[in-house]
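[1] Have a look; sequence and predicted model below, questions after that.
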Amino acid sequence: MSREDQLLTELHAMLDGRAFLQGSGLVARLAKRTGWHELDVKQALGRLARSGTVTGITVQGDVYKRVGVTAAAPAKPVPVSLTQWETAMQRAGLSTSDVGALAACHDRIADFCDTDMEALAAGLLALRRAAPQEVGTPKFVLSARYLLGSSKLLGQLPAAAMSTFGLDLKAHPDAPPYVITAGPPEPEAVVLVENPHAFDAAVAAGAASRVAFVVTFGYGLSRSSEDFGNQLLASVAYGDGLIALVREGRPPSPAALLEHPRVYFWGDLDREGLRIYGGLRHRIPQLRLSALYRPMITAFHAGASHPYAKATCKDKQAASQIAPDDGRDLIELCGLRAVDQEYVGTEDIRNLCAHALI
């Protein structure tokens, strides 16, 4: 292969389907990729420019604007796994359109044998036929029933491919939608709690004698301790399908609790807590922030706050300027520092749990 051909191969790889490359630093990048001296790169670029194969480069090899390649990119070799997968799908009786829809799955099952690929294709076809009768069945149960007895396989296949194939994975929860509840049969208010430790503190404070509390149930030892709020947000979408595990008292069903006229959210005073609140508010229009935020606000102004850092497990929380009307002031307040809801003490929980922040 000539140096010009080698350089063209590198340029096509760098373009990766785009029309142009930024000229700044291009010679240095090509030198690093090829192992050549920069002068050798410029000479080869100059020859390509003289032949009209590249644009944006002078005949001396100097880059003066965005660089394009006029020569067609070489055809990419077809992965062996794609050929095997397409053949397996055809043997399983999938239509041409279905084969196209599921083609992207090939790299996830590249280490499957031909027999397993064909069984997977047949299983996906059977699952699609049965989907109307399986609405609400957890995804891992469906996977084990239809896909080679593996509970994890369905979750490893590309969601976009599943959707194009006609499988609506949103109709199937990742896990049973359990929530833990506590409270009386006719609560004065309902408090959705972000973290289980704060829920237990509310129960220990005796607050569940007049107010109902709801928190999500963590699944398995691998569940992140920072993920309970997102579980709560996902769980609310199940509405009547929520399964209650009653911690104390005789509270109404989760669906009835979410329809209560006084529903409040109590989470961490941080970016993520307010993001979760905004998501819940979309699904529960009457939801408002709990007065249990008041002690956290007071603590914040007194200097009892922490940074968004690795040691506080908040280094990945993204800044946000969007919040429901009663949370806008808090967005600004917790922009740089935060206070966790576990800060709130027993007496404050008892006194404030039945009230809104504003």
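    Yep, that arrived.

[2] So D5 lies in a strand, does it not?
    No. Counting by DSSP: H, G, I helix; E, B strand; the rest coil, D5 is not found in a strand; it is helix.

[3] ok, it - how many residues close by?
    13 (other Cβ atoms under 10 Å). Using the backbone N, CA and C atoms, a C-beta is placed for each residue, glycine as well.

[4] Equivalent analysis for G249, please.
    With neighbours defined by other Cβ under 10 Å, the count for G249 comes to 17.

[5] Equivalent analysis for K42, please.
    Neighbour count of K42, defined by other Cβ under 10 Å: 20.

[6] right, and it touches A49 too?
    No. The criterion here is Cβ atoms under 8 Å, and K42 misses it with A49 at 10.2 Å.

[7] Could you name every residue contacting both of the two?
    Common neighbours of K42 and A49 are listed as G61 (criterion: Cβ atoms under 8 Å, 6 or more residues apart in numbering).

[8] And the pLDDT for L233?
    Per-residue confidence (pLDDT) for L233: 65.

[9] Domain-wise, how is the protein divided?
    3-69, 80-171, 178-352 (automatic domain parsing).

[10] Distance to I358 added to these, as CSV?
    As requested, the domains of the chain are exported to CSV (distance: least, Cβ to Cβ, whole Å):
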stretch, distance to I358
domain 3-69, 50
domain 80-171, 34
domain 178-352, 5
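
[11] Highest mean neighbour count out of the ones you listed?
    domain 178-352 (a mean of 18; mean count of other Cβ atoms under 10 Å).

[12] end to end, how far does it reach?
    Using Cα to Cα, to the nearest Å, the end-to-end distance of domain 178-352 comes to 26 Å.

[13] Please state the offset of that domain from the chain centre?
    On the basis of Cα atoms, centre = their mean, to the nearest Å, domain 178-352 is displaced by 20 Å from the centre of the chain it belongs to.

[14] i'd like the first residue to be 59 from this point on
    Got it, the first residue is 59 from now on, which makes the last one we talked about domain 236-410.

[15] before we move on, back to that, pick out the shakiest of the domains of the chain, pLDDT-wise.
    domain 236-410 (a mean of 88).

[16] Where do the helices of the stretch 259-408 of the chain begin and end?
    According to DSSP state H, counting those that start in this stretch, the stretch 259-408 of the chain carries its helices in the segments 286-294, 312-316, 329-341, 351-359, 386-391, 404-410.

[17] Could you tell me whether V117 really is in a strand?
    No. When classified by three-state DSSP, V117 is found to be coil rather than part of a strand.

[18] So it is in contact with G104, correct?
    Yes. Between V117 and G104 there is a contact at 5.3 Å, judged by Cβ under 8 Å.

[19] where along the stretch 109-258 of the chain do the helices fall?
    Applying DSSP H, counting those that start in this stretch to the stretch 109-258 of the chain gives helices spanning 138-149, 154-160, 172-188, 197-204, 211-214, 217-223, 254-262.

[20] Check which helices and strands the fifth one is in contact with.
    Which is helix 211-214. helix 197-204 (3 or more Cβ pairs under 8 Å, 6 or more residues apart in numbering; DSSP states H and E).

[21] now what about the helix it packs on, what contacts it?
    Outside of helix 197-204, the residues within contact range by Cβ under 8 Å, 6+ apart are 181-182, 184-185, 188, 192, 208-213, 227, 230-233.

[22] Distance from that helix to the middle of the chain?
    That offset, for helix 197-204, works out to 21 Å (Cα atoms, centre = their mean).

[23] Taking helix 172-188 as reference, get the angle to it.
    Angle, helix 197-204 to helix 172-188, by axes from the mean of the first three to the mean of the last three Cα atoms, to 10 degrees: 120 degrees.

[24] With respect to L391, which of the helices of the stretch 109-258 of the chain lies nearest?
    The closest of those to L391 is helix 254-262. By Cβ to Cβ, the value is 19.2 Å.

[25] Spatially, what comes nearest to P196 if we skip its sequence neighbours?
    For P196, ignoring the flanking residues on the chain, the nearest one in space by Cβ to Cβ, 6 or more residues apart in numbering is P231 at 5.2 Å.

[26] do the same with A381
    Using Cβ to Cβ, 6+ apart, the closest residue to A381 is I389 (4.6 Å).

[27] and if you look at R124?
    Using Cβ to Cβ, 6+ apart, the nearest residue to R124 is F78, at 4.0 Å.

[28] Let me know whether the one you found touches V121 as I believe.
    No. Counting by Cβ under 8 Å, V121 is not a contact partner of F78; they are 11.5 Å apart.

[29] Between those two, which contacts overlap?
    G114.

[30] what sits up against stretch 149-158?
    Here stretch 149-158 has contacts from E144, M147, Q148, L160, E176, A177, A179, A180, L183, F223, using Cβ under 8 Å, 6+ apart.

[31] mind giving me a markdown table with those residues and columns for distance to R341?
    Shown next, in a markdown table, are these (distance: Cβ to Cβ, whole Å):
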| residue | distance to R341 |
| --- | --- |
| E144 | 41 |
| M147 | 38 |
| Q148 | 43 |
| L160 | 32 |
| E176 | 42 |
| A177 | 39 |
| A179 | 37 |
| A180 | 38 |
| L183 | 34 |
| F223 | 28 |
